[in-house]
Each structure stands twice: as C-alpha cells, then as structure tokens.
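S.K.: okay, sequence plus prediction incoming.
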Amino acid sequence: MSSPDFRDPRVQAELLALVPSLHLTDAIAFLGGSLVQGFGNTASDIDIIVLVPGAPVPGTTAGYLAQRSIIYVDRYGDRRVDIEVLPLSEVDSVAHLLRTQEEDLQAALDFPTDSLPTLDSLRIGVPLYGHEAFAALRDGFPWRELAAFLSGEADRMYQSFYEDAVGAIDADDHGTALLTSREALGFALDAYIAARGHTNPRPKWRVRKLQVLGEAELLRRYLDAECDPSSEPDTLLRRSAGRLRLSQEVQLMTHRLALTADESG
Amino acid sequence: METSLIPVRALQVRTTIVGKELYLVKGTDAFRLGAIEVEIWNLFDGLRSVEEIAETIARDFNEELDTVRGDIAAFTAELLDQGLIEEAA
C-alpha cells in the first residue's frame, strides 16, 4: 500500500471532501502526520488537521468529542483518515507561551504538550484549505523556541533516568539498569534531535529523525548500544554503563549546540 | 602520569549549561570547562589514551604536541583526582 501523492491536487480535493463542511468556514485545513513527513508506512493513518475560529461546534455527522477538539474517522482507499478539528486559538496561545516562557515559569508549566504533534504537522503540513492563512500561521510561529522547549523537556527526562540508571548500576540491579539506561539514552538523543531543530515530538520516530539529520554514525552507535548480546547480569550492567557513556556524549553535543546558538544570537 | 593511560568520564558526572558556560556536575560540585577543555572532555571516551587525545588536540588546534601533552596530562590528573574521570577498565 503506497502513500498517496499529497502534492496531487486531485488527492488534496478528495481528502478535503472528507472534512465536514460546517467546519470549513474561515478555517485552515492541512495534511500532517508521519506520511506527510515521509516517516510513515503501510500502517500509517492520514492526518487532516482543521483549525477553526472559536471552539469547534459538533455537527450532525458523527464525530468523537475529545477534550478540546472533535475527531472524525474516515477512509481514503485502504488508509484510515483521522480528521481533528481544533480551535485556532490553541496554536496562538502555544506560540505566546513559547515566546514568554523564559520570563514566565508558570507559562512553561502550563504548556499543553498534547498539542505538540499538531504543531509539528503545521510545520511540515500540506495546506488543503485557507492556504494564505496557513502560510501566515506557519511563517509566524516561533519554531526555534518550540525546538528549544522540546530539547529542554527531553533533557529534563534524560537527567532523571540517568540518575536512576547510575543508582541501579551501583546497586547491581541489572534489570533496572537496562531499562533506565535505555530511557536515558533515548531522551538524550531526543534532546539532541530537538536541539538540531527537529520538532516532531514522537520518540517512535527517533531513528528516522537521526537519518533525516544525517547522523548515520550516531545512529549506528545508538542501535549498537540498544542491542545487548545476552541477558547475563554482568553483561547488562556493563552495557548499561556503555549506554550512559554514550548518553553523556550526546548530552555534550546538545549543550555545545545550545552554546553555539547563544553565540550566534 | 603515564600518557598511555586511557581515561573515561565517570558515570556520576553530567554536563550542564549555566549562563553561557559549560559545567561538569558531580553531586553538589560543579566544575567550569573552558572551550578547549570541553573538546578534551569529549575525548575522554574510554577508547583513547592521553597521548592520543594530546595528538588530536594538537592537530585540531595547531599547537605544539609537547606543550599540549603536558597540559592535557595535568588536566587529566586533576580530573582523576576530583573523581570526574576514571581509568578505563
């Protein structure tokens, strides 16, 4: 099952026709998600995001009412299509939080992390409706601040798992060392990937993101570090320490990027 | 100190940025690294000897190897003393 050609105007028109028309007044509709990003596979859904002025109003068509959005599920050929209708103000408020978080700790704490995939879809998205408004929204969004936020969040998680893993190794707790050192290395990589400017927040695409960033050698070392040759306790403890050492190196790469970014203003 | 020693970063040490400076953090202690020290720290990977690190730094920064070797040996000894690096197994 190949991915539809999302640049094809006919495909775009057919996908837009799946969006209930009551949501399109003054709206912005665009394609996003893993297929548009080039990460998807035969199991991937097609994602359509619709940003509407005000709160989305449910129509008579069946749609799942989520916390702040309405979600419709449809099909396009053999693929499932998820259509999410969200208030446009959510993107604006996140942009505001990103621009002010350095001055306002509470704003950072209030950051709605469940909106992160939608934001990345806006960045990579293919517009279906409201093209000019889509371009203005995308061009005006603080992407650099979003990447820095993602990197900082991943770094915080990294530090937490790192400390747990060091403690587990000290205690000869090989199983916990295995799990926590893997988490630590994963978050260290996520922090680095975001520091490089990638704003896809999903860890499951870590390998693909490293490929896109041209980090072939780092990816090779990451996959090697993930693959333990045996489940013997001594082996797991030694390999866990190796993962932590690689994570130290990755964290240093992230910090050097941050320092370079500061220097360049 | 023998320059054949192979140093590796201690697991208890992490890096952090404060302002525009990079620090090594171990417990409640923090150690500021200068620009070249950051490069040296990055090479404490448990694979390279002090001699090999000195050769890399001398080449990358276009400095005299003898001078660099002495500086790195002193820096390595200081970090070993502080428990920030260990001799690789």
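M.R.: Thanks, I have the structure now.
S.K.: from here on, just use CA atoms for contacts and neighbour counts.
M.R.: OK.
S.K.: show me which residues of chain B sit near chain A.
M.R.: Residues of chain B found near chain A (C-alpha under 8 Å from any C-alpha of the partner chain) are B:Arg9, B:Leu11, B:Gln12, B:Arg14, B:Thr15, B:Thr16, B:Ile17, B:Lys20, B:Glu21, B:Leu22, B:Asn42, B:Asp45.
S.K.: burial count for the spatially closest residue to A:Ile46 that is not a sequence neighbour?
M.R.: Spatially, and ignoring its direct neighbours in sequence, A:Ile46 is nearest to A:Val81 (4.6 Å; C-alpha to C-alpha, 6 or more residues apart in numbering or on different chains). Burial of A:Val81 is recorded as 19 neighbouring residues (other C-alpha atoms under 10 Å in any protein chain shown).
S.K.: A:Val81 is in what secondary structure piece?
M.R.: strand A:79-87 (DSSP states H and E).
S.K.: partner strands of the least confident helix or strand in chain B by mean pLDDT, parallel or antiparallel?
M.R.: Lowest by mean pLDDT, DSSP states H and E among the helices and strands of chain B is strand B:13-18, with a mean of 88. Strand pairing for strand B:13-18, using DSSP bridges, gives strand B:21-26 (antiparallel).
S.K.: show me where the stretch 51-200 of chain A has helices.
M.R.: Taking DSSP state H, counting those that start in this stretch, the helices of the stretch 51-200 of chain A run over residues A:88-100, A:105-109, A:116-124, A:131-140, A:143-170, A:174-195.
S.K.: and the ones you listed, which one is worst for confidence?
M.R.: Sorting these by mean pLDDT places helix A:105-109 lowest, at a mean of 61.
S.K.: longest helix in the chain, please.
M.R.: No chain in the question, so chain A it is. With secondary structure taken from DSSP state H, chain A has its longest helix at helix A:233-263.
S.K.: sorry, I should have been clearer: chain B.
M.R.: Looking across chain B with DSSP H, the single longest helix is helix B:65-82.
S.K.: circling back to that earlier point, I'd say the residue nearest to A:Ile46 and A:Asp45 touch.
M.R.: Yes. Between A:Val81 and A:Asp45 there is a contact at 5.6 Å, judged by C-alpha atoms under 8 Å.
S.K.: contact partners for A:Arg196?
M.R.: A:Ala147, A:Leu213, A:Leu257 (C-alpha atoms under 8 Å, 6 or more residues apart in numbering or on different chains).
S.K.: identify, from these, the entry nearest to A:Arg138.
M.R.: A:Ala147 (14.4 Å; C-alpha to C-alpha).
S.K.: report pLDDT for residue 67.
M.R.: Since you didn't name a chain, this refers to chain A. 65.
S.K.: please go with chain B instead
M.R.: So B:Thr67 comes in at 95 (pLDDT).
S.K.: and it, how far is that from A:Asp78?
M.R.: 68 Å (C-alpha to C-alpha, to the nearest Å).
S.K.: residues touching the spatially closest residue to A:Val73 that is not a sequence neighbour, list them.
M.R.: Excluding its sequence neighbours, the residue lying closest to A:Val73 (C-alpha to C-alpha, 6+ apart) is A:Asp82, at 4.8 Å. A:Asp82 makes contacts with A:Asp45, A:Ile46, A:Asp47, A:Ile48, A:Ile71, A:Tyr72, A:Val73, A:Asp74, as judged by C-alpha under 8 Å, 6+ apart.
S.K.: where does A:Asp82 land on pLDDT?
M.R.: According to the prediction, A:Asp82 has pLDDT 94.
S.K.: now swap in B:Gln82 and tell me
M.R.: Note for B:Gln82: predicted pLDDT of 93.
S.K.: what is the burial count for the closest residue to chain B within the stretch 51-200 of chain A?
M.R.: Closest residue of the stretch 51-200 of chain A to chain B, C-alpha to the nearest C-alpha: A:Val166 (6.7 Å). Using other C-alpha under 10 Å, A:Val166 is surrounded by 21 other residues.
S.K.: if I look at it, how far off is B:Gly27?
M.R.: Distance from A:Val166 to B:Gly27, by C-alpha to C-alpha: 12 Å.
S.K.: could you do A:Ser247 as well?
M.R.: For A:Ser247, the distance to B:Gly27 - C-alpha to C-alpha - is 18 Å.
S.K.: likewise for A:Ile193?
M.R.: 27 Å.
S.K.: more neighbours: those two, which one.
M.R.: A:Ile193 (25 against 9).
S.K.: helix, strand or coil for the residue nearest the centre of chain A?
M.R.: Of all residues in chain A, the one closest to the mean position by C-alpha atoms, centre = their mean is A:Pro201, 1.7 Å from it. With DSSP: H, G, I helix; E, B strand; the rest coil as the basis, the three-state label of A:Pro201 is coil.
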